[in-house]
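# Make a model of this:
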Amino acid sequence: MKENITTGILLNKAGIAGIVLGLVSTAYIFISTGIASITSPVLNTLLTILLWTVKFVLCIWLMIFFMKRLAKSYDNVTNSTTFKFGTTVAACSALIFAAASLANVTIINPDLISRQMEAVVQILGSKADSNTLAALGDMEESMPEIVFFSNLFYCFLYGVVLSLILSRRIPSNDPFANLEEGNDFDREDGTEESEND
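Numbers count the residues shown, from 1 in each chain. This is a model prediction of the structure:
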C-alpha cells in the first residue's frame, strides 16, 4: 500500500521539481547569452529559436513527469492535488528564474541593459528628443526591477496555466472504476440502486 500524501510531502516534492525547472530555465539564460556572441544574424536567430523551443518543450515534459510521478507514488492524489503541486512548482521555478535573470543583468552581465538602451537610441535616431532620452534614462535605472518582476509574474502565470491544463488529466480518472467494484448506477439521479429495490 502506498503512502498518503500530506501537505509537507507535497511542498517538498514541489520544491524539488521547482528547483529542477528553475535550473533548466536558468541554463537557457546563460546558453542564449553565449549564442548572442555568434556574429551571423541568421545562425544566431535559428539557434535562439531552437534553444527556446527545446526549453519550452522540456519544461512541459518535466512538469508532466513530476505530476505523474507524484500521482503514482501516493494514494490519495486527486486532480486538485496535482494542480496545487503544479502551482507550487511554478512559484518555485519562477522565483529561481527571476532571481537568475536579476543576477544576470546586475552582476554577471551588468552592461547588458545599457547596450540595449543604446541600441534603442540608435534605432530612434533623430526622432528621440530630450524628453524621450530622459524617459529612457529613467527606465534604464529601473530595468533590473522590471526584469525581475516581469519574469516572476510571467513564469508563475505560465506555470499556473500549464498546471491547470495538465492537472485535468493527471491522475487519469477511470470512468469505469465503479463498475469494476460492482457498483451500478442505474438510477437517473446518479444514486446507487440498492439490492432491496
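
# helix or strand for Gly34, which one?
Per DSSP states H and E, Gly34 falls inside helix 7-35.

# helices and strands around that helix, which ones?
Using 3 or more C-beta pairs under 8 Å, 6 or more residues apart in numbering; DSSP states H and E, the elements in contact with helix 7-35 are helix 41-73, helix 79-103. For glycine as for every other residue, the C-beta is placed from the backbone atoms N, C-alpha and C.

# will you turn those into a markdown table that also has mean pLDDT and distance to Glu118?
Output for the helices and strands packed on helix 7-35, formatted as a markdown table (pLDDT from 0 to 100; distance: least, C-beta to C-beta, whole Å):
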| stretch | mean pLDDT | distance to Glu118 |
| --- | --- | --- |
| helix 41-73 | 94 | 18 |
| helix 79-103 | 96 | 20 |
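
# how far out from the middle of the chain is the helix holding Gly34?
Relative to its chain's centre, helix 7-35 lies at 9 Å (C-alpha atoms, centre = their mean, to the nearest Å).

# in it, what counts as buried?
10, 13-14, 17-18, 20-22, 24-26, 28-29, 35 (16 or more other C-beta atoms under 10 Å).

# Mind picking the two most distant members of those residues?
Leu10 and Ile35 (37.0 Å; C-beta to C-beta).

# TSV for the helices and strands packed on helix 7-35, including mean neighbour count and distance to Asn173?
As requested, these are exported to TSV (neighbours: other C-beta atoms under 10 Å; distance: least, C-beta to C-beta, whole Å):
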stretch	mean neighbour count	distance to Asn173
helix 41-73	15	11
helix 79-103	21	8
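
# Can you say which of those helices is nearest to Ser163?
Short answer: helix 79-103, nearest of the helices and strands packed on helix 7-35 by C-beta to C-beta, at 2.6 Å.

# Run through the neighbouring helices and strands of the closest one.
Going by 3+ C-beta pairs under 8 Å, 6+ apart, helix 79-103 lies up against helix 7-35, helix 41-73, helix 130-167.

# Tell me which of these sits nearest to Ser93.
Per C-beta to C-beta, nearest to Ser93 of the helices and strands packed on helix 79-103: helix 7-35, 3.8 Å.

# got the angle for the closest one vs helix 130-167?
130 degrees (axes from the mean of the first three to the mean of the last three C-alpha atoms, to 10 degrees).

# Averaged pLDDT, helix 7-35. What do you get?
Helix 7-35 shows an average pLDDT of 93 in the prediction.

# Spatially, what comes nearest to Phe83 if we skip its sequence neighbours?
Beyond its immediate neighbours in the sequence, the residue positioned closest to Phe83 (C-beta to C-beta, 6 or more residues apart in numbering) is Ser167, lying 3.8 Å away.

# before we move on, what about Ala36?
Leaving aside its chain neighbours, Ala36 sits nearest to Asn44 (6.8 Å; criterion: C-beta to C-beta, 6+ apart).

# residues contacting that neighbour?
Residues near Asn44 by C-beta atoms under 8 Å, 6 or more residues apart in numbering: 35-36, 38.
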